[in-house]
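Colleague: coordinates only, no sequence provided:
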């Protein structure tokens, strides 16, 4: 299969969901079953094509990139700048091919799952249409080989996220969450745009390859190293917004207001991973300082959100914070230079986190139905304190959920173990080489926390006794359209799909296909090169594995001790460390802080402006008013006597003339025309004489 | 007198004579039908002036569109049962005088300047393509404005002519 | 002046050129004015307007051919035709409305413009 065929097939994968979106928008409601089979079928076909593409890409031409470019805007020669051509194009390298398959797997499975989950929804067909639009936009990000198209896809996924979070917009909280997600992303995207424009003004191109080539030849943006780092950090800003990194992470938990399959697709597996993908794409142009910023942001994010996840009681909120934490992991992995590990974690995380969300969707669905049967409209179907013991009623959901939990906790034989281990080894190597020891320490701490809160979730939801004995028999396992995707994802969370060796992924196919690209920034600015870092990473691998097993084991044990065997009282600890508990419950107070700083700041600023208005401007206006009144009095007298007299005279004259000319007003159109033509003639003759 | 002149006079005769019928006929239908001949005559004159595209357009739009519209107007507004499609005239004499003055002054202008007229441009090529290019390049703004006006006219006509309940 | 105006005109007649077309256009114009002023039926008034527009068009095209206006005159004529079509549609709609309201299309009976 030639590279041309490959790129055409990827274009087919890209455009099929768009076609699905258009069809669903126009004909969705008229089709039988509101067209869910159409959207699902399209995404499944696209998944199959993308699998073929990936296989061919990796077997036939693993080393080269398939590209298709077309010039979009050609501005020829601009005075003083030179020729500028904006070329758009798609490129398929190994990274894009793998990402495309990941997106399509999750998308197709979510389509299937939604058939069950969204049954009977008011905007059923529109929901499927938006899913198609999202898939298209996400693939645009994945396949574009230039920043411009990438940015377009970036904004498109943003709007899809907005639309799908607010799918139940009758709920005030849902529409607010959509707006919050959109605005928060906007801040990050602005940074991305600035970073993009820095490169564009320097190299007059958006093509990543051209930018890399320009940097390699020694040209720096504005000839300055500071600008170089700034541009990298600005592009990373986009990732901060989209991947919900500190300090813009606040939108993701609220985004859980959307339907749960959407959370699985957009807010767990693909869109939020787009930020990580962006860093991976632009990795070569990151300087060592920019990478350090990235690593620290990742560390802070991972730690903060892991601690918050411990104290949450909403099943989806726990998963949301866990997602933020894992995204922090990936960002941290890329930041320390463990490029392959970061991307590998993206892939494995997409599988098990989508599975976790779909599993939670299954639980919520079942709880919802049970509550509905009970005519109970007050109990929260998403609160884990209302669950428990669901293992007996929902065996498939339980076993798959357990598999995902094991994977995210980093238990051996799972995919998560492989990828997490690599990242941890990377942080150890990074800490050893640069002396930033806080990075590996926090990374291991977060690994333990992750195991703890995930098992807390499993225990409270599925083990123990159900909270309401009357409700318990009414909880049923969900339909096959919902359980089959769970089983598929659970199978995909198994190590064998990624590496033959269950303890080391460095021999797996992803590690072969996705190699860390060489940095293009000048050597004085670049981070440790690939060979040096790879050596160090390899060296630390054994230690990382032992340590990660240890912390995961401790986390799981503590979780069981606290919530299953009740040896440790959670209430007691919460009571003893009340301020800490309250801080975690309030999500470290970020929402309050932003409320106070941004919204409060705006209000304070408006107050100040009002004061300025009242005192200065109104004062000036009032002063002018007094002055005007004085002059008005004088001119008023003048008016009544002199001007009015004149006006009255003119009015009298006009009235007299009107009496005369009134005769002409017959009200008949033809008379008017007669006079019009006549007057025209008179004018003509008058001007002829002049 | 060559062929050109003969053809010109033939078309001029058709135009002027039928125009007279339009103006002076008491019967509405006769007037409308002779208006058809006027339009045909004018189209013929266009051909003599090397405006082939406009001649065709004249026939298509005036004869095919406007005249049909006018006939519709005649039929929709005349009481067909009472066959009252004859119609009168008013203040004929002042109008006659005015029209005579108008024609007189126009003719005077032409008469005063006819000897200074340049020779005709002798490009006997089809104008359609050039016209189309002109419309798309130099006159693209008026062209767009005209399309907007047509749209407005369309909506306005539909709005005005819709059935209104009697107050 | 050597020849009388009459003989001048007689000599001018056979040699068709710009002024001939302008003369036709002038005749049409005057007839149009006449129709507008004298006819009572609104439809006939409309016909008069069409005559005037045709006269103007004839002028445009004649100058375009003779006067060195090139094709600009023809373009103007195209726009005139376009406007005439729109005008006819609107005017007829108005006439129909008048008919509905006053039960007549005789413009001299419709004089609510007065006062």
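Modeller: Happy to help now that I have it. Everything numeric here is computed off the predicted structure, so don't read it as measured data.
Colleague: point out where chain C drops to low pLDDT.
Modeller: For chain C, applying pLDDT under 70 flags the ranges C:1-5, C:8-9, C:12, C:68-69, C:111-115.
Colleague: that one: strands as residue ranges?
Modeller: Assigned by DSSP state E, chain C shows no strands.
Colleague: pretty sure residue A:138 is touching residue A:102, no?
Modeller: No. Taking contacts as Cβ atoms under 8 Å, residue A:138 lies outside contact range of residue A:102: 9.9 Å. Where you see a C-beta, it was placed from the backbone N, CA and C, and this is true even at glycine.
Colleague: residue nearest the middle of the chain, spatially speaking?
Modeller: Went with chain A since none was named. Centrality entry for chain A: nearest residue to the mean C-alpha point is residue A:242, 3.6 Å, by Cα atoms, centre = their mean.
Colleague: can you pull the pLDDT of the closest residue to residue C:89 other than its chain neighbours?
Modeller: Excluding its sequence neighbours, the residue lying closest to residue C:89 (Cβ to Cβ, 6 or more residues apart in numbering or on different chains) is residue B:157, at 4.3 Å. If you check residue B:157, the pLDDT there is 86.
Colleague: hmm, residue A:271 and the residue nearest to the centre of chain A touching each other?
Modeller: Yes. Because the distance of 6.7 Å satisfies Cβ under 8 Å, residue A:242 is recorded as touching residue A:271.
Colleague: that older thread, what do residue A:138 and residue A:102 both touch?
Modeller: The contact sets of residue A:138 and residue A:102 overlap at residue A:270 (Cβ atoms under 8 Å, 6 or more residues apart in numbering or on different chains).
Colleague: looking at the two, which has the bigger crowd around it?
Modeller: Taking other Cβ atoms under 10 Å in any protein chain shown, residue A:138 and residue A:102 do not tie; residue A:138 has more neighbours (32 against 26).
Colleague: any idea how far chain B is from residue A:474?
Modeller: For residue A:474, the distance to chain B (Cβ to the nearest Cβ, to the nearest Å) stands at 59 Å.
Colleague: can you list phi and psi of that residue for me?
Modeller: phi -80, psi -10 (degrees, to the nearest 10).
Colleague: give me the element the spatially closest residue to it that is not a sequence neighbour is part of.
Modeller: Leaving aside its chain neighbours, residue A:474 sits nearest to residue A:370 (4.0 Å; criterion: Cβ to Cβ, 6+ apart). Using DSSP states H and E, residue A:370 maps to helix A:339-374.
Colleague: need the overlap of contacts for residue A:242 and residue A:271.
Modeller: residue A:157.
Colleague: and the pLDDT at the residue in the stretch 151-300 of chain A positioned nearest to chain C?
Modeller: Nearest residue of the stretch 151-300 of chain A to chain C: residue A:152, at 39.8 Å (Cβ to the nearest Cβ). Looking at residue A:152, its pLDDT reads 91.
Colleague: ok, it touching residue A:140?
Modeller: Yes. Using Cβ under 8 Å, residue A:152 is in contact with residue A:140, at 6.5 Å.
Colleague: compare the two (neighbour count), which wins?
Modeller: Of the pair residue A:152 and residue A:140, residue A:140 is the one with more neighbours under other Cβ under 10 Å, namely 20 against 14.
Colleague: wait, what's in contact with that one?
Modeller: By Cβ under 8 Å, 6+ apart, the residues touching residue A:140 are A:14, A:149-150, A:152-153, A:156.
Colleague: now do 10 Å
Modeller: For residue A:140, the contact set (Cβ atoms under 10 Å, 6 or more residues apart in numbering or on different chains) comprises A:14, A:18, A:90, A:149-154, A:156-157.
Colleague: how much space between it and chain C?
Modeller: 43 Å.
Colleague: and the helix or strand harbouring residue A:233, which residues are buried?
Modeller: Assigned by DSSP H and E, residue A:233 belongs to helix A:225-242. Across helix A:225-242, burial judged by 16 or more other Cβ atoms under 10 Å in any protein chain shown covers A:228-242.
Colleague: and the helix or strand following that helix, how far from the chain's centre?
Modeller: Next along the chain after helix A:225-242, taking DSSP H and E as the criterion, comes helix A:251-254. Taking the mean of its C-alpha atoms, helix A:251-254 sits 10 Å from the chain's own mean (Cα atoms, centre = their mean, to the nearest Å).
Colleague: same thing with stretch A:678-690?
Modeller: Distance, stretch centre to chain centre, for stretch A:678-690: 75 Å (Cα atoms, centre = their mean).
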